[in-house]
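Visitor: Could you work out the structure for the sequence below:
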Amino acid sequence: MLSIKTGLSHTFPGAVLLFSIPVSLVSADTNTTTSADSDVSGMDPIVITATLGPKTVGESLSSVTVIDREAIQRQQPKEFREVIESQPGVNVTSNGAFGKQTSVFLRGHSSDASVLLVDGIRIRSATVGGPAWQYLPPQLIDRIEIVRGGRSSLYGADAVGGVVQAFTLPAQEGRGAWLEAGAGNFSSQQYGAGASSVESDSRLNAGINHFQSDGAPVISGGDDKGYDNTSAVLGGSHRFSNGVTAGFTFLGAEGNTEYEGGEEDFRFQTAGVNLDVPVNRHWRVAGQLSDARDELEDFSSFPGTFNTQTRSSRLENWFSAGTHEFVLGAEYLVDRVDSSVDYDESSRSNTGVFSQALMNFGPLNVHLSLRNDDNEAYGNETTWGAGLGYELDRQHRVRMSAGTSFKAPSFNDLYFPGFGNPDLEPEQAKSYEVGVEGRYSEWFWDVAAFHSDVDDLSLPSQDAADSVPEARLRGIELSGGWRQAGWSLSAAGTFGDYENAATGEQLIRRAENILRLDVDRELGKWVLGTTLRAESERYEELFGLGRQRIAGFGVWDLRASRVLTPGWLASLSVDNVLDREYTTAKRFDNTDFISAGRSVFLSVRYDWRQ
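Guide: This next block holds a predicted model:
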């Protein structure tokens, strides 16, 4: 079940907490949004991305969406974007289906102004500035948390719109293994296998998956454009008798995708080791070393190689005093570029120091954070965050938060031959949020209003390397969910106003109004479900053609699964049932990048558990 709830969470670097505090990953009930059995495991799941340690959603001061493994499996996504698109505050654009260039806008902020973490490890292309969302394999993801709102005071550069974190390590106790095979139209095929062992002190997880498709045309009248992705995960941890926990994590994906005018080979990889040391009952130390790689070789009329590597080390000191927690930490990060393009600079380093206070005064919670980043390319940046939450009673809570954040200029912005500007300053933002929520045994609701003022907002327009001196991003997010008697329902709506403050024009590539409804029904051995999504119009800027409108659209998906025998599950999904042709982005010549149309996929999965 999907959890669309708002609240505050907090993490050690995600991978550190992943291994050291298993309860923080997924609740005992994997239907994390709406189980009536427990306030924590049901309507109020634990999240670990919004701050730096485990908190229930209901305790938090941020807007968070949690998507658990059950919801991911029911949807049978071929791409990561299918799981997160049209969620509260989330805009997704894509240059066609099956592994094509994808951008994710959180609350109207640029795609490279949001952070993607995999098991606590940040990954992005240092040349482009944003992550390659299209290459993250959803088949190997156990849980997703989407935190909306500025988080630079915890994560540094680019956490302006929010943070998306994908977790690969399962939390379910016991030993298990799985096999899966599936096929669909567009000659799509998917095969996967894995095994895991989760005990009180140790856990181990391994999995491999392969997806391939002949693809569909990405423009009207075009040829099919294929995609293949072979991916693997490996992770584990052990807690020793003295309380020290050591762990490691790895996710890698590589393959090929074709696009109109060429194709490219890619490699998408994160790896890390971590250590959690309880010094005494009031002080613990958590550390992480990680390596993330985004590598691309382009085969087109303008071929090239763009390999980027990010290595980071992070140390956190946690102190507790009664019901209060305090964090002092530091992070050192180095970006390196190895490319066929001769950039003026090929590396840069960043040193960040940060602190956080999580204070509890009965029904009142106060969260404060402060961070300073010193980057050898663009200088010194200080960001802060503050939040207040008040529990009106056991079911209702109000929250307010404010903070600053910034987006760092990429290597392309600073050093690309011919148009890079080494004097370019970071994009600056100040954000505010007010929310109120109600949580009950079988249902929940949440309302959040947000506002951001952004200076020098960068635009990925095809008219020029452009920017908006002052942008205003504001809106309202509504969400709710209900689960009872075999029914599961979740609904969300985002109503935004993302504009150039000087002209009042809607910012390009952002749909301002989004609706999503998910309904599932358990009927004995069957589970039947449907998703309805609708997004309003958006605009694009094209070289020589100016501003062009992209029409809004609605999409209807269906799904069904049946238990064949114990351990065996058959699943069928039909996406875009009405075979609507819609677009979220345009080509340079004003040609629409089109959707694939109706997509049918059937799979069979075997799960063994002991």
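
Visitor: Do you know the pLDDT at residue 50?
Guide: On pLDDT, residue 50 comes in at 80.

Visitor: same question, residue 83
Guide: For residue 83, pLDDT reads 94.

Visitor: ok, it - how many residues close by?
Guide: Residue 83 is flanked by 19 other residues according to other CB atoms under 10 Å. No exception for glycine: its C-beta is placed from N, CA and C like everyone else's.

Visitor: ok, for it, nearest residue in space, not its chain neighbours?
Guide: residue 77 (5.1 Å; CB to CB, 6 or more residues apart in numbering).

Visitor: what does residue 377 give?
Guide: Per CB to CB, 6+ apart, closest to residue 377 is residue 348, 4.3 Å.

Visitor: And residue 366, by the same measure?
Guide: Using CB to CB, 6+ apart, the nearest residue to residue 366 is residue 359, at 4.5 Å.

Visitor: ok, now how distant is that neighbour from residue 62?
Guide: 16 Å (CB to CB, to the nearest Å).

Visitor: before we move on, the earlier item: report the secondary structure element holding the residue nearest to residue 377.
Guide: Using DSSP states H and E, residue 348 sits in strand 347-361.

Visitor: In contact with the residue nearest to residue 83, which residues?
Guide: Contact analysis of residue 77 by CB atoms under 8 Å, 6 or more residues apart in numbering lists 83, 138-139.

Visitor: Show me the beta-bridge partners of residue 272.
Guide: Bridge pairing for residue 272 (DSSP bridges) gives the partners residue 249, residue 290.

Visitor: Distance of it relative to residue 266?
Guide: Using CB to CB, residue 272 is found at 20 Å from residue 266.

Visitor: These two: who's more crowded?
Guide: residue 272 (25 against 19).

Visitor: my read: residue 113 touches residue 163, true?
Guide: No: with contact defined as CB atoms under 8 Å, residue 113 does not count as touching residue 163 (11.0 Å).

Visitor: And those two? Which one has more around it.
Guide: When residue 113 and residue 163 are compared for neighbours, residue 113 comes out ahead with 30 against 27, by other CB under 10 Å.

Visitor: Which residue comes closest to that one once chain neighbours are left out?
Guide: Nearest residue to residue 113, sequence neighbours excluded (CB to CB, 6+ apart): residue 160, at 3.9 Å.

Visitor: cool, residue 208 as well?
Guide: Nearest one to residue 208, counting by CB to CB, 6+ apart, is residue 232 at 4.6 Å.

Visitor: Same question for residue 522.
Guide: Per CB to CB, 6+ apart, closest to residue 522 is residue 486, 3.9 Å.

Visitor: That neighbour: what's it in contact with?
Guide: So, once contact is read as CB under 8 Å, 6+ apart, residue 486 ends up touching 521-523.

Visitor: how near is residue 530 to residue 554?
Guide: Counting by CB to CB, the gap from residue 530 to residue 554 is 13 Å.

Visitor: more neighbours, these two?
Guide: Between residue 530 and residue 554, residue 530 has the larger neighbour count (other CB under 10 Å), namely 16 against 12.

Visitor: Settle it for me: which of residue 359 and residue 62 has more neighbours?
Guide: residue 62 (31 against 15).

Visitor: My guess is that one contacts residue 149. True?
Guide: Yes: Residue 62 lies in contact with residue 149 (CB under 8 Å); the separation is 5.6 Å.

Visitor: shared neighbours of those two, anything?
Guide: 401, 433.

Visitor: hmm, back to that, do I have it right that the residue nearest to residue 113 meets residue 403?
Guide: No: assessed by CB under 8 Å, residue 160 is found out of contact with residue 403, at 10.1 Å.

Visitor: Find residues that contact each of those two.
Guide: In contact with both residue 160 and residue 403: 150, 152, 431, using CB under 8 Å, 6+ apart.

Visitor: give the contact list for the second one.
Guide: So the one you mean is residue 152. 158-160, 371, 381, 383, 403-406.

Visitor: quick one: what helix or strand has the nearest residue to it once chain neighbours are set aside in it?
Guide: Spatial nearest neighbour of residue 152, excluding adjacent residues (CB to CB, 6+ apart): residue 405 at 3.5 Å. Assigned by DSSP H and E, residue 405 falls within strand 396-407.

Visitor: For that strand, which helices and strands make contact with it?
Guide: Contacts defined by 3 or more CB pairs under 8 Å, 6 or more residues apart in numbering; DSSP states H and E place strand 396-407 against helix 152-155, strand 379-391, strand 427-439.

Visitor: Tell me which of those lies nearest to residue 219.
Guide: Closest to residue 219 of the helices and strands packed on strand 396-407 is strand 427-439 (CB to CB; 31.5 Å).

Visitor: chain center to the closest one, what's the gap?
Guide: 18 Å (CA atoms, centre = their mean, to the nearest Å).

Visitor: next one: stretch 210-224
Guide: Worked out by CA atoms, centre = their mean, stretch 210-224 lies 25 Å from the chain centre.

Visitor: Just the residues contacting that stretch, thanks.
Guide: Under CB under 8 Å, 6+ apart, the answer for stretch 210-224 is 78, 95-98, 100, 137, 139, 186-192, 225-231, 258-260, 581, 587, 591-594, 596-597.
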